[in-house]
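**Q** Give me coordinates for this.
(one chain, ligands or ions: 2)
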Amino acid sequence: MVIDRLRPPVGVLEIADRLEQHGFEVWCVGGAIRDALLGHPHLDWDLATSAKPADVQRLFGHRKTIPVGLEFGTVGVLDSQGVMHEVTTFRRDVRTDGRHAEVEFGVSLDEDLARRDFTINAVAFSPRRHEVRDPFGGQSDLQARIVRAVGDPDARMREDRLRALRGIRFAARFDFEIEPATLRAIEASAPFLGRLSPERVKQELDKTMAQIDRPSAALRIWQSSGAFNTLLPELAAAAPSALTAPDFAAKPGRARRPARRTIRFAALLASLTPADAGAVMRRLRASRHEIQTVVNLVSLWHTIGREMTIALTSGEPPDSIVRRWVSTIGRLQVGEFTRLANALWEADRAQGRPAPAARSISSAYRRMQRSAFSDPIDLGALVVDGDDLRRAGIPPGPVLGKILQALLAAVIEEPHRNTTDWLLQEARRRHADASRDTGDGGRT
Ligand code: ATP
Ligand code: MG
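**A** Numbers count the residues shown, from 1 in each chain. Ligands and ions are numbered 1, 2, ... in the order given. Coordinates of the predicted model:
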C-alpha cells in the first residue's frame, strides 16, 4: 500500500524519538494507520511501545502525562503543542469474559497486534524507520476492502462481543465486505450481546451515527444479524425506511456537533411511539438531555408530522397554519424539528412514498423561522398576562388558564388581535360564557 501516506504529526514523532532514545520500541498502530492507508485523515495517532506505563510516566514527567487507563497500559502524553497522544504498552489479554479483559505487559509487538480485533486495525508503522509490520495481511484486506477478524473469528468474538458491533461499523463506514467466517461469527454473537454494558453499546451507536455517511448500512446488519433483537427489540422489525431515515440527517462532521447525532437517533426512532423511543434511549443510558430531546422530537412528529406532510404536499399553507406549527414546535426547536422532518420525508420519498418536495420544505422552513422570531406564538408574546386577567375580574384557576390558551389560539389565527383592548374584552366574554354554562345548574 501507499506507505507515503503514513505521515504522523510532529508531536507524535517527538514522543517516539524520546522513547527510542531510551531504548524502547515504538510503533504507530490502530485506526490512524488504517485511515491513513485508506487516504482518510485521522486525528488520533496512537502509539504502542515496549515501555511500561511507569517508564512512560517517568520519561515524560507528571506534568506531561495523564493516566488514561494505567491498568490497560495506556498513558496520555502531551506533545509540545499540548496535544494528547495515547501511548500504550504492548499487551496481551490473559483472561476475557466477553466484556472485560485482564492484561499482561512485557510482550512483543507481534503479540500486541495479535490481540487486536480486525486485520485492518492490526498494522503497525515505525515512524522513524518507516517500517511496516503487518503479520495478518491488513494491507491486502484494506486493498480488497474486507473486514476480517485477526485469527479465529468465533474465538475472538467470544473474548469480546463488542467486536461484533465494531466489525459491522467498520464495514459500513468504509463500504467493505465482511469476510464470510467473520460475518458468521458476528451473527453467532448476536444472542450474547446483552452481556455488553449499555454504555459500550451506546458508544458504538454514537460512533455509527457520527462517523458513517449512511448509518443504515450498519443498522441493516444490526437488524439482519439479530443484534437489534437482543439489544433494541423495538427495532427488530423496523421497516427499511426507519433504518434509512438517519442517512438523510446530516452527519455531525468535524465539528462533532452532538445535536446532529441526536437528530439521527430521533430519525431512527420516529416510527416508534414516543414512549418506546424514550425507553430505547434510557436503556442505552443516553444523557437526560438527549433522552428528552429525542422524546420531544418524536412526540412532535407524531403530533403534527402527518398534518404537515399533507399540507406541504398539497400546496402552500396559509400564514395562520405556519404560525400554529411554530407554536406547537416551539420557537427554538424549529431548526431541529425541520431537520428531523426533512430526513423522514426524504426517506419516504426514497421508498416511493408521497412526501413534500424539497422546495416546499425549504420554503416552509424559511416561513417558520421568520414566524418564530416575529410572530406572537407563545403565551409570553401576548400583551396581557394572568395578572391582567385577574385585575379584569377573572378569578385565578383552571378557567383562567384555559382562557389564556384560547386567547393565544385567537392571536395565532389573527395576530392583529394582540392588543389589550381586544384581549381583555375577549377574556371577559369567555369568562361570562363559562360562568353561564356552569351557573345554570348544569343544564346545557
Ligand atoms: P475509530 O476511528 O473508531 O476510533 P479505531 O480503530 O481507532 O477506530 P479505537 O476504538 O480507537 O478504534 O481503538 C484503537 C485500536 O485498538 C483499534 O484499531 C484496534 O487495533 C484496537 N482495539 C480497539 N478495541 C478493540 C477490541 N474491542 N478488541 C480488540 N482490539 C481493539
Ligand atoms: Mg481511535
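**Q** The residue in the stretch 51-200 of the chain that ligand 2 sits nearest to: what's it in contact with?
**A** In the stretch 51-200 of the chain, the residue that lies nearest ligand 2 is E86 (8.5 Å; Cβ to the ion). For the C-beta atoms, the positions are set from N, CA and C on the backbone; glycine is no exception. For E86, the contacting residues are D44, D46, L47, V68, T74, V75, G76, V77, by Cβ atoms under 8 Å, 6 or more residues apart in numbering.
**Q** which stretches of the stretch 251-400 of the chain aren't confidently modelled?
**A** 253-257 (pLDDT under 70).
**Q** where do the helices sit along it?
**A** 258-269, 274-283, 288-300, 306-313, 319-329, 334-350, 358-374, 386-391, 398-413 (DSSP state H, counting those that start in this stretch).
**Q** Highest average neighbour count across the ones you listed: which stretch is it?
**A** Scoring the helices of the stretch 251-400 of the chain by mean neighbour count under mean count of other Cβ atoms under 10 Å gives helix 258-269 as the most buried, with a mean of 24.
**Q** contact partners of that helix?
**A** Against helix 258-269 from outside (Cβ under 8 Å, 6+ apart): 205-206, 209-210, 215, 219, 234-235, 242-243, 245-246, 248-253, 276-277, 280-281, 286, 290, 293-294, 297-298, 301, 336, 339-340, 343-344, 347.
**Q** do stretch 313-329 as well
**A** 300, 303-304, 308, 311, 334, 337, 354-356, 360, 363-364, 367-368, 371-372, 375, 377-378, 408, 412-415.
**Q** repeat for stretch 57-74
**A** 15, 18-19, 22, 51-53, 56, 75-78, 84, 86-91, 101, 103, 105.
**Q** Give the buried subset of the residues you listed as a PyMOL selection command.
**A** Of the contacts of stretch 57-74, the buried ones can be selected in PyMOL as follows, counting by 16 or more other Cβ atoms under 10 Å:
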select buried, resi 15+19+51+52+53+56+75+76+77+78+84+86+87+88+89+90+91+101+103+105
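**Q** Which residue lies nearest the spatial centre of this protein?
**A** Centroid-nearest residue in the chain, with Cα atoms, centre = their mean: R261, separated by 3.1 Å.
**Q** could you list every residue that touches the residue lying closest to that one once chain neighbours are set aside?
**A** Counting by Cβ to Cβ, 6 or more residues apart in numbering, R261 lies nearest to M209, which is 4.7 Å off, once chain neighbours are set aside. Shown in contact with M209 (Cβ under 8 Å, 6+ apart): P215, P246, K251, P252, R261, R264, F265.
**Q** before we move on, which element is M209 in?
**A** Secondary structure assigned from DSSP states H and E places M209 in helix 198-211.
**Q** Is there any residue in that helix that contacts ligand 2?
**A** No - using Cβ under 5 Å from the ion, helix 198-211 never reaches ligand 2; the gap is at least 9.3 Å.
**Q** That helix vs ligand 1: in contact?
**A** Yes - using Cβ under 6 Å from any ligand atom, helix 198-211 reaches ligand 1 at K207.
**Q** gap between the closest residue to ligand 1 within the chain and G138?
**A** Of all residues in the chain, G31 sits closest to ligand 1, at 2.2 Å by Cβ to the nearest ligand atom. Distance from G31 to G138, counting by Cβ to Cβ, to the nearest Å: 12 Å.
**Q** now do D46
**A** Distance from D46 to G138, by Cβ to Cβ: 15 Å.
**Q** One more: R173?
**A** Counting by Cβ to Cβ - R173 and G138 are separated by 16 Å.
**Q** who has more neighbours, those two?
**A** G138 (27 against 20; other Cβ atoms under 10 Å).
**Q** mind listing what the more buried one touches?
**A** By Cβ under 8 Å, 6+ apart, G138 lies in contact with R34, F118, T119, I120, N121, A122, V123.
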